[in-house]
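Peer 1: give the three-dimensional model of this entry:
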Amino acid sequence: MNRISGFTLLELLVALAILAIVFIVAIPAYSSASARSDMGVAESAIFTSINNAVNFSFTGGTRAVLCPSSNGSSCDNSFDWSHGWLSFEDKNANRERDAEDKKLGSYDKISPDLHILTSAGRTRIAFQSGGGNFGSNVHFKLCDERSPRRARSLFLSNKGRVRVAESPQTSCTQQF
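Peer 2: Here you go, the predicted model:
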């Protein structure tokens, strides 16, 4: 007598139910891990941009500017850095990228779910020839779709140093 091997309908339904439970648990975990990763990439990119601008201004003896930019070639007049940013040499100190200003770098939008905002009045960060920045300290707030409780803050001092901190529970869509 030949024996036929295979699954019964009941075994198949149990296996599909187990797979469904695994997917229900795994998808939110993957989404959260992806959001954490995007936030880490953004923090690293901001650190790198600031350090490059500080180093360029210090070693080159000239001013450098960091600003939000949605096109990678000119500054936006906004406190929202979510669409990307740009750094450039500012030879004539007008805080705008002119034809003779050397582009130091640019970053595109990192994630559609990540918001990057700066403190009020800080649409541009200008670094002096000594590496420090003009004006008050700058507060970057990074938020994603998880919740305002998961927001991160980067603080840039006038001396060009950056520190990271957990952000207070405030709105991630408004200027602060």
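Peer 1: all helices for the protein, in order.
Peer 2: 9-60 (DSSP state H).
Peer 1: where does it have low pLDDT?
Peer 2: Filtered on pLDDT under 70, the chain yields the residue ranges 1, 147-148, 166-176.
Peer 1: try 50
Peer 2: Across the chain, the ranges flagged by pLDDT under 50 are 176.
Peer 1: list the buried ones in stretch 153-167?
Peer 2: 153-154, 156, 160, 162, 167 (16 or more other C-beta atoms under 10 Å). Placement of C-beta: from N, CA and C, glycine included.
Peer 1: same question but for stretch 36-43, I mixed them up
Peer 2: Neighbour-count burial for stretch 36-43 flags 38-39, 42-43 (criterion: 16+ other C-beta under 10 Å).
Peer 1: and the nearest residue to Lys141 once chain neighbours are set aside, how many neighbours?
Peer 2: Nearest residue to Lys141 in three dimensions, chain neighbours excluded: Leu117, at 4.8 Å (C-beta to C-beta, 6 or more residues apart in numbering). If you count neighbours by other C-beta atoms under 10 Å, Leu117 ends up with 24.
Peer 1: shouldn't Leu117 be in contact with Ser78?
Peer 2: No. Contact criterion C-beta atoms under 8 Å: Leu117 and Ser78 do not qualify, at 9.3 Å.
Peer 1: with respect to Glu145, which of the buried residues of stretch 36-43 is nearest?
Peer 2: Asp38 (9.8 Å; C-beta to C-beta).
Peer 1: contact partners for that closest one?
Peer 2: Applying C-beta atoms under 8 Å, 6 or more residues apart in numbering, we find Asp38 in contact with 110-111, 113-114, 144.
Peer 1: likewise Gly131?
Peer 2: 54-55, 57-58, 159-160.
Peer 1: and the residue lying closest to Gly160 once chain neighbours are set aside, how far from Ser87?
Peer 2: Once flanking residues are discounted, Gly160 sits nearest to Val54: 4.1 Å by C-beta to C-beta, 6+ apart. Distance check for Val54 against Ser87: by C-beta to C-beta, to the nearest Å, it reads 10 Å.
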